[in-house]
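# structure, please.
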Amino acid sequence: MQAEPIMDRIVGTPISIPLHDLLKQSASRHDHLCPRQVLGVRMGLAGLAAIGLEAPMPRKAALVFIESDGCFADGIQVATAATVGHRTLRVMDLGKAAAVFANVRTGQSVRVAPRLDIRVTSLAYAPGVKKKYYAQLKGYQLMPEAELFSFQEVDLDPSLQSVLSRPGLRAKCARCGEEIINQRQVLLDGLPLCVSCTGQGYYRGRE
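Next comes the predicted model:
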């Protein structure tokens, strides 16, 4: 069953592209539209609005930290225009459909997460839809943001400036000899090391 996007605007949230079009853009990446894509698109719009920015955001105006990958991430990307390539999108992979939006100019950071009861609440916005999946798909498009999401002011750790760093700077790892960019080296006994050589990497080499 191919579900069509329902909404074409969101009252109270400034966007330059209709929600209907954003949902279609997200769906085109998967050949279908699913509830998590809707959550991602709407969270992207709500998150930018919470830090005073219109979607899609001006180039490098914000940094977005998403707490899971998959369909949800595509929705966030479509709504915000944040990308890994522009260094405006970071995947933290905590297994949660939530995100932190940080305004680069003001430093304000807001975490947006789905409310715990949205699967149940969404059913009221889709009367007559028997399957919960499709009821959620419709309900998430129609629910007010206040019923969809919780908003929390947060402080980033490490700080926003540390995460942004100074792009283009280069260092050479004193152990493996590989180049390190964007100030990601770690100083150990005064020597620059890459994260992997400090034992904190995401892989281990085979002997």
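# when you work out contacts or count neighbours from here on, use the C-alpha atoms and nothing else.
Noted.
# run through the residues that contact the residue minimising distance to the centre of the chain.
By CA atoms, centre = their mean, the chain has its centre lying nearest to residue 66, at 3.5 Å. Residue 66 makes contact with 73, 89, 90, 91, 92, 93, 97, 98, 99, 100, according to CA atoms under 8 Å, 6 or more residues apart in numbering.
# now do the buried residues in the lengthiest helix in the chain.
Scanning the chain for the longest helix, with DSSP state H as the assignment, gives helix 35-50. Across helix 35-50, burial judged by 16 or more other CA atoms under 10 Å covers 35-50.
# show me the strands in this structure, by range?
For the chain, the strands defined by DSSP state E cover 62-66, 89-91, 99-103, 109-114, 149-153, 170-172, 179-181, 186-188, 191-193.
# could the ones you listed go into TSV alongside mean pLDDT and distance to residue 204?
Formatted as TSV, the strands of the chain follow (pLDDT from 0 to 100; distance: least, CA to CA, whole Å):
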stretch	mean pLDDT	distance to residue 204
strand 62-66	97	26
strand 89-91	95	21
strand 99-103	97	29
strand 109-114	97	33
strand 149-153	97	37
strand 170-172	95	20
strand 179-181	95	18
strand 186-188	93	18
strand 191-193	96	16
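# domains in the protein, as residue ranges please.
Here the domain parsing of the chain from automatic domain parsing is 19-160, 165-198.
# mind checking the end-to-end distance for the last one?
With CA to CA, to the nearest Å as the measure, the first residue of domain 165-198 is 20 Å from its last.
# pull out the buried positions in it.
For domain 165-198, burial by neighbour count (16+ other CA under 10 Å) applies to 171-173, 180-181, 183-186, 192-197.
# and stretch 59-66, how far out from the chain middle?
Relative to its chain's centre, stretch 59-66 lies at 8 Å (CA atoms, centre = their mean, to the nearest Å).
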